[in-house]
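Asker: okay, sequence plus prediction incoming.
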Amino acid sequence: MTTDRTPDRTPAPEPAGSRVHDWLTGLSRAAAAGRPTDPAHPPRDGRGAADLVLLGQAAVALGTAQRALVLARHRAGTRFVGGRPLIERQSTGHRLARGAAQIAVARATVLAAGRDEDAGIAAEYRAPASAAAAAEAAFTCAQALVQVFGAAGTSDPDATAAFEACQAAASAAGPVPRLWLQAGRRRPADVPGARTV
């Protein structure tokens, strides 16, 4: 890495046993299953440890978003309104599609950053961008969950737990606008689409 914060794209050898991608995948899957997670202990310390914690928080937010979306899709498919499943209604379909699209973006950014970390390329701007994308996905899926369940969601323990998990995971890394701003400030000039001011 050079001193002007432009990343050196030559991968450094990763120490044996330090698999960031696998750690992030495990965190996301555990959160999606509703199991407790702890992103505060990345697979390695030292260089970029704070970014790894941020990526871990993003993976947990991603998993909680996936869990909320699965619950919302199931409810929309089994709840009938006016003789038709709720999922056949356009507004419900749009909510679920928006959540699925945001999850796909967040998953791609989180796992790409993990693969780069495994290859010895620092996450830099991708860590806060991943956290922001995952937090937005969690907020969107939590909102879709509430909309699909309606008042019944207040008494459904799975829906309530998923909603609370989304809110907590999405808030763990900090406010989303601040994360996007941090990502923009850390983004090197040689990244495609970067603008100079």
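Answerer: Received, thanks.

Asker: now do the strands in the protein.
Answerer: Taking DSSP state E, the strands of the chain run over residues 80-81, 84-85.

Asker: now the ones you listed in JSON lines, with mean pLDDT?
Answerer: Shown next, in JSON lines, are the strands of the chain (pLDDT from 0 to 100):
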{"stretch": "strand 80-81", "mean pLDDT": "88"}
{"stretch": "strand 84-85", "mean pLDDT": "92"}
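
Asker: hmm, Thr64 is touching Phe163, no?
Answerer: No - taking CB atoms under 8 Å as the definition, Thr64 is not a contact partner of Phe163, at 9.3 Å. The way it works is simple: take the backbone N, C-alpha and C, and place the C-beta from them, glycine included.

Asker: before we move on, the earlier item: and the strands of the chain: which comes nearest Ala68?
Answerer: Of all those, strand 84-85 sits nearest to Ala68, with 19.0 Å by CB to CB.

Asker: what's the closest one in contact with?
Answerer: The set of residues external to strand 84-85 that reach it, using CB atoms under 8 Å, 6 or more residues apart in numbering, is Ala76, Gly77, Thr78, Arg79.

Asker: so who does the last one touch?
Answerer: It refers to Arg79. When contacts are counted by CB under 8 Å, 6+ apart, Arg79 touches Pro85, Leu86, Val148.

Asker: how far away is it from Arg67?
Answerer: To Arg67, Arg79 is 18 Å away according to CB to CB, to the nearest Å.

Asker: so where is the chain shaky, pLDDT-wise?
Answerer: 1-18, 44-47, 191-197 (pLDDT under 70).
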